[in-house]
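Colleague: sequence first, then the predicted structure:
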Amino acid sequence: MALQSLDIKQRSATTTPSTHVRETIEIAKLIDVSACIGCKACQVACSEWNDIRDEVGNCHGVYDNPMDLSAKSWTVMRYTEVEQNNKLEWLIRKDGCMHCADPGCLKACPAPGAIIQYSNGIVDFHQENCIGCGYCVTGCPFNVPRISKEDSKAYKCSLCSDRVAVNQAPACAKACPTGAIQFGSKEDMKDYAAKRVTDLKERGYDQAGLYDPQGVGGTHVMYVLHHADKPNLYAGLPENPSISPLVSLWKGFAKPLATLALAGVALGSLFHYVTKGPNEVSKEIEDEIEAEDKEEAK
Amino acid sequence: MIRDPKDLKRYEPKERANHWVVGISFILLALSGLAFFHPAFFPLTQLFGGPTWARIIHPYLGVLMALSFLGLFIRFKHLNKMTPADKEWLAKAKNMVDGNDHDMPEQGKYNGGQKVMFWALAVCMLLMTVSGLFIWRAWFGFDITLVRLGAVVHAAAGAVMIALIMVHVYAAIWVKGTIRAMWYGTVTRAWAKQHHRGWYRQVTGK
C-alpha cells in the first residue's frame, strides 16, 4: 500500500492511461553482496516496519531462516557455500522482489489496480484489489510473490513504498550495519555500483559486476556480485531473466484478437440470420406428412 | 401442435437434464472466465458476488461442467461416429449455410457439422479440465512451467469453446423447430424428415 496516486506508471488490468501527471525520479536499492555479512538485520527491519510477524519456524541445519519467502516474510537471506578460485566462498544474497521495469506480475494480473507500478519504479501490490488467483506468481520471473494461506491475497516486498513516498529509505537499507544495502536514485546507485565493481576487480574478482537484468527492462533492486558472470551461484539468481514467452503469449496480443474474434462470431451469426433468414421446415415436406396422415386415416 | 402424439421423441428427460446442467455451468463459466480473460469483461465478476467470489467459484463450476459433460459424452458418443455421408455433408456445408439444403446428403440423428461440433467440444473440454487443474492454486501447486502452459491453454481453449458454443446455440436458433427438443424432447415429423431423414426413416420405419 502506498500514498502516491498521481505518479502511476502502470496499473494491472487497465487499458486506459493511469494518473501520471507527476513524474518522480527513478529510485533503486543496491544490494552489495560482497559487503553483506548475513546478519539478517534487514529481515528484522522488514518485519518491524511492516509490522508483520511470520510464524517462528524450525532450524533446518542451515543459516537460512525462514527457508523461503512467504506472505509474511518479504525478504530472506539465502546462504550458499561455493568453491571459486580454489577457495571456499560464502555467498549471501538478500532475496525479495526485484521491482522490474517490465513486471511479469503486473502483466499477468487480471484484477484492475491490484498491482501498481509507480514512476519511481516501485511495483506495489494493493491487496484490497487482489482476488487471490495467483497469476502474479505465474508471471514473475524471480518466483517472488506469495499467496497468504490466511486471506488468499498476494504479498511481497513493497520496497517500503510508504517510506519512499516521504523521502525515507526502505527499512532494510536503514538497518543494514555494513552499508551493503544502499538506496537512492537509480543513476546514483549505478555510479556507486561502478565504484564497488572497480574495487572488487582490484581485489582479484575479475568478473565482478552489476546485476541489473535487461531482459526485464532493468530492475529497481540491483546486486553487486563478485561473480556477475555466474549469478546462478547466488542461490539460483537467474542468469538472464525475462517474462516467460508463455506468459507473453497468454497476456499479449492474442487476447484482444480473441475478444474481437468472439464478437465477430456473435455478430456474424446475427447478420447471417438477418441476411439468409431462418431455416424453416419446407411447406413441401409438411404437406407430404399431412397427406400421409390423411392416407392413414382412410 | 406441441403435443401432437405423432411428434418424434428425440431426447429422454435424463438427457435433457444432463444437457441443461452442462449448459448452465457453461454459461456461468464463460461469464466468470471472460472476466479474467480481458479487463473489458472484468465487471462480469459482479454477477458472482464480486471478483474474489468469481475466482473462488469458477473452478468448482468447472468440475461440475467436466463431470456433466462426461455424462453427455458417454450418452452420445456412439451416435457421433463419422461416416462417409458426414464427410459429403461437410463438403457441401457451404450450401447449407447459404440457405440451400436441397442437395444435402441424407443424415442420421446427427449431421456432419454436429458431429464435428461434438468432437471439437470434447477436445476443448479435456484441455480445459486438465489445464484448469494446473492453474487451480487453491488446491494444487504444480511446477511453474506447467502452470504457465496451463494458463495459455486454458485461455486459448476457452476462447475456442465459447466460439463453438455460440455457433451451437445459433444453429439451434437458425434451424426452426430445434429448440423444443432441448425443452421437452420432441420434434415434428416434418422437421425430422427435412433435417435428419436417415433418423426419420429409422424411427418411423418409412
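Modeller: Now that the structure is in, tell me what you want to look at.
Colleague: ranges for the helices of chain B?
Modeller: B:13-37, B:51-76, B:84-91, B:93-97, B:112-134, B:144-174, B:179-183, B:189-195, B:197-204 (DSSP state H).
Colleague: also the stretch 1-150 of chain A?
Modeller: Assigned by DSSP state H, counting those that start in this stretch, the helices in the stretch 1-150 of chain A fall at A:41-50, A:104-108, A:135-139.
Colleague: and those: which comes nearest B:Met65?
Modeller: Nearest to B:Met65 among these is helix A:135-139; the distance by Cβ to Cβ comes to 21.5 Å. Where you see a C-beta, it was placed from the backbone N, CA and C, and this is true even at glycine.
Colleague: list the helices and strands the closest one packs on?
Modeller: Packing contacts for helix A:135-139, counted by 3 or more Cβ pairs under 8 Å, 6 or more residues apart in numbering or on different chains; DSSP states H and E, involve helix A:104-108, helix A:245-251, helix B:144-174.
Colleague: so for that helix, mean pLDDT?
Modeller: Mean pLDDT, helix A:135-139: 97.
Colleague: what of stretch A:283-293?
Modeller: On average, stretch A:283-293 scores 92.
Colleague: how far is that stretch from where the chain is centred?
Modeller: The chain centroid and the centroid of stretch A:283-293 are separated by 69 Å under Cα atoms, centre = their mean, to the nearest Å.
Colleague: now stretch A:75-93
Modeller: With Cα atoms, centre = their mean, you get 25 Å for stretch A:75-93.
Colleague: ok so, going back, can you tell me which of the helices and strands packed on helix A:135-139 is most buried?
Modeller: helix A:104-108 (a mean of 26; mean count of other Cβ atoms under 10 Å in any protein chain shown).
Colleague: got a pLDDT number for A:Glu23?
Modeller: pLDDT, A:Glu23: 86.
Colleague: quick revisit: looking at the helices of chain B, which is buried most?
Modeller: Sorting the helices of chain B by mean neighbours (by mean count of other Cβ under 10 Å), the first place falls to helix B:189-195, with a mean of 23.
Colleague: that one packs against which elements?
Modeller: Applying 3+ Cβ pairs under 8 Å, 6+ apart, we find helix B:189-195 packed against helix A:283-297, helix B:197-204.
Colleague: if you set the cut-off to 10 Å instead, what comes out?
Modeller: Counting contacts by 3 or more Cβ pairs under 10 Å, 6 or more residues apart in numbering or on different chains; DSSP states H and E, helix B:189-195 packs against helix A:283-297, strand B:8-9, helix B:179-183, helix B:197-204.
Colleague: what residues sit buried inside the longest one?
Modeller: What that stands for is helix A:283-297. A:285-286, A:289 (16 or more other Cβ atoms under 10 Å in any protein chain shown).
Colleague: so is it next to chain B?
Modeller: Yes. Helix A:283-297 reaches chain B (Cβ under 10 Å from any Cβ of the partner chain) through A:283-290, A:292-293, A:296.
Colleague: report the angle between the axes of that helix and helix B:197-204?
Modeller: Compare the direction of helix A:283-297 with that of helix B:197-204 by axes from the mean of the first three to the mean of the last three Cα atoms, to 10 degrees and you get 20 degrees.
Colleague: what lies in contact with helix A:283-297?
Modeller: A:280-282, B:6, B:188-195, B:197, B:200, B:204, B:206 (Cβ atoms under 10 Å, 6 or more residues apart in numbering or on different chains).
Colleague: and which of those is nearest to A:Arg203?
Modeller: Closest to A:Arg203, out of all of the contacts of helix A:283-297 and judged by Cβ to Cβ, is B:His195, at 85.0 Å.
Colleague: quick one: average pLDDT of stretch A:94-105?
Modeller: 98.
Colleague: which parts of the stretch 101-250 of chain A are strands?
Modeller: Along the stretch 101-250 of chain A, counting by DSSP state E, counting those that start in this stretch, strands occupy A:115-118, A:123-125, A:146-147, A:154-155, A:181-185, A:209-211, A:221-225.
Colleague: including distance to A:Ile181, could the buried residues of helix A:283-297 go into JSON lines?
Modeller: Listed next are those as JSON lines, based on distance: Cβ to Cβ, whole Å:
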{"residue": "A:Ile285", "distance to A:Ile181": "83"}
{"residue": "A:Glu286", "distance to A:Ile181": "85"}
{"residue": "A:Ile289", "distance to A:Ile181": "87"}
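Colleague: any idea how far A:Thr15 lies from A:Leu225?
Modeller: Applying Cβ to Cβ, to the nearest Å, the value for A:Thr15 to A:Leu225 is 38 Å.
Colleague: the more surrounded of these two?
Modeller: A:Leu225 (27 against 10; other Cβ atoms under 10 Å in any protein chain shown).
Colleague: what sits against the more buried one?
Modeller: A:Leu225 touches A:31-34, A:91, A:93, A:193, A:197, A:200, A:205, A:207-211, A:231, A:233-234, A:237, counting by Cβ under 10 Å, 6+ apart.
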